[in-house]
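Enquirer: need a structure here:
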Amino acid sequence: MTGDITGRDHYILTEALATAIVTLSQMKHPPESNIANMKEILAEWYPDGGFAPSIAIAERRFEMLSNGGEAA
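Expert: Got it, this is the predicted structure:
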């Protein structure tokens, strides 16, 4: 990350990208190149694949929204 981004900023951006990846992936015609670019950004920030938990959380949130806000 660059010098002006704090730890909290990093967390928020990671959460936003993970949510966008999951949401856009559900579209009838997902913007594959944008999704790939978002994944590349996360891979740069987490070279060891450490962003997988953020994707899993985003998937659970998406599922909850799809179920009318009810926990699965």
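Enquirer: Need the residues that contact the longest helix belonging to the chain.
Expert: Taking DSSP state H as the criterion, the chain has its longest helix at helix 7-25. Helix 7-25 is contacted by residues 1, 5, 30-31, 34-35, 38-39, 41-42, 45-46, 51, 54-55, 57-59, 61-62 when judged by CB atoms under 8 Å, 6 or more residues apart in numbering. For glycine as for every other residue, the C-beta is placed from the backbone atoms N, C-alpha and C.
Enquirer: Keep only those of these that are in strands.
Expert: The strands, defined by DSSP state E, take in nothing from the contacts of helix 7-25.
Enquirer: What are the buried residues along the longest helix of the chain?
Expert: 14, 17-19, 21-23 (16 or more other CB atoms under 10 Å).
Enquirer: Give the PyMOL command for selecting the buried subset of the contacts of helix 7-25.
Expert: The PyMOL selection below is limited to those of these classed as buried (16+ other CB under 10 Å):
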select buried, resi 35+38+42+51+54+55+58+59
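Enquirer: Regarding stretch 17-35, how distant is the last residue from the first?
Expert: 9 Å (CA to CA, to the nearest Å).
Enquirer: The longest helix of the chain: how far from the chain's middle?
Expert: 4 Å (CA atoms, centre = their mean, to the nearest Å).
Enquirer: For that helix, what does the pLDDT average out to?
Expert: Per-residue pLDDT values over helix 7-25 give a mean of 94.
Enquirer: Likewise for stretch 58-72?
Expert: 84.
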